[in-house]
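Trainee: need coordinates for the below:
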Amino acid sequence: MGVFSRFKDIVNANINALLDKAEDPEKMLKLMMQEMEDTLIELKSSCAARMASRIRLEKKIAEQQALVGRWQSRAQMAIEKNRDDLAREALVEKRREMETLSSLQNDVRGYDDMITESRKEIDQLEAKLSQARSKLKMLQEKERAARQTGQMNSHMGSDPSVHFEHFEDKIDRMCAENELNRPQQSADEVFRSMEEQAEIERELAELKKGMGK
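Mentor: All right, here's what the predicted structure looks like:
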C-alpha cells in the first residue's frame, strides 16, 4: 500500500504519546520528522505526475474535439454534394470520435479528484511536520535550560523506541491498455448496432432538413 499507508500512519500518530514511550525523545522525534519529510517528497512527486498526466489529457481532448468537428463538416459537405452515403459514414465516424472524447473527459475528472486528494494529504502532512518541528524546538530548549541549571528531566520513560514502519512500495502509476481479442458480437450488440444505425439515419435527416436539402 506504500506511501498512502505510511501517510495514514503518520497523520494518525499521537506524537506526544510516542515520545512518552521513547528512551531518547529527541532522537525519536528526529526519526519521525525524517519519515515525514521522505513521505512528503513522495506525495508531492505523485501529485506532480498526476498533474502532468492531466495536462497531456487536456491536449488529447482538444485534438479529439477537432476530429469531431471535422467529421461534422464532412457530413455537411457530403449532403451538399448529394452524397447521403458518405454523409452517413461521416456521422458514424463522428459518433465514434465523440465516444472517445467522452472517455477522455471522464479521465480528466478522475485526475481532478486524485489531484484534489493529493493536495489535501500534502497539507495534512505539512501540518503534522510543522507540529513535530515545534515539538523538537521545545524539547531542545528544555534540554538546554536543564543543562544550564544542572537539572535533567527524567520523566521520559524507558520503553524501547517506537517508530513508524517503513514501506518500500511506490504509488502505482495509472496506465491504460487497449482492449484486445474482442469477442464476437452478441445478440444485444447486434441490436445496439441496429439502433445506432437508426439514430444515424435520424441525425442525417435532421441535418439535411436544417440545410434545406
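Trainee: what does stretch 59-77 contact?
Mentor: Stretch 59-77 is touched from outside by 86-87, 90-91, 93-94, 97-98, 100-101, 104-105, 108, 204, 207, 211, with contacts defined as Cβ atoms under 8 Å, 6 or more residues apart in numbering. Heads up, the C-betas are built off the backbone N, CA and C, glycines and all.
Trainee: name the residues of it that are buried.
Mentor: Residues of stretch 59-77 classed as buried by neighbour count (16 or more other Cβ atoms under 10 Å): 61, 64, 67-68, 71-72, 74-76.
Trainee: ditto for stretch 48-58
Mentor: 50, 53-54, 57.
Trainee: what do you get for stretch 88-96?
Mentor: 88-94.
Trainee: show me where this protein has helices.
Mentor: 2-12, 15-20, 25-80, 84-149, 187-210 (DSSP state H).
Trainee: related to what we said a few turns ago, of the buried residues of stretch 48-58, just say which sits nearest to residue 129.
Mentor: Of all the buried residues of stretch 48-58, residue 129 sits closest to residue 50, with 21.6 Å by Cβ to Cβ.
Trainee: ok, that closest one - contacts?
Mentor: Per Cβ under 8 Å, 6+ apart, neighbours of residue 50: 111, 114-115, 118.
Trainee: tabulate those in a markdown table, adding columns for neighbour count and pLDDT.
Mentor: Output for these, formatted as a markdown table (neighbours: other Cβ atoms under 10 Å; pLDDT from 0 to 100):
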| residue | neighbour count | pLDDT |
| --- | --- | --- |
| 111 | 19 | 95 |
| 114 | 18 | 94 |
| 115 | 17 | 94 |
| 118 | 19 | 92 |
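Trainee: of those residues, which is the nearest to residue 42?
Mentor: The closest of those, once distances to residue 42 are taken by Cβ to Cβ, is residue 118, at 10.7 Å.
Trainee: give the contact list for the closest one.
Mentor: Neighbours of residue 118 in contact, by Cβ under 8 Å, 6+ apart: 43, 46-47, 50.
Trainee: between these, which sits nearest residue 137?
Mentor: residue 43 (24.0 Å).
Trainee: now the closest one: how far from residue 196?
Mentor: 45 Å (Cβ to Cβ, to the nearest Å).
Trainee: before we move on, what about residue 22?
Mentor: Residue 22 is 67 Å from residue 196, by Cβ to Cβ.
Trainee: compare the two (neighbour count), which wins?
Mentor: Between residue 22 and residue 196, counted using other Cβ atoms under 10 Å, the more crowded position is residue 22 (21 against 12).
Trainee: pLDDT at that one, what is it?
Mentor: What the model reports for residue 22 is a pLDDT of 75.
Trainee: surely it meets residue 31?
Mentor: No. Residue 22 is beyond contact range of residue 31, at 9.4 Å (criterion: Cβ atoms under 8 Å).
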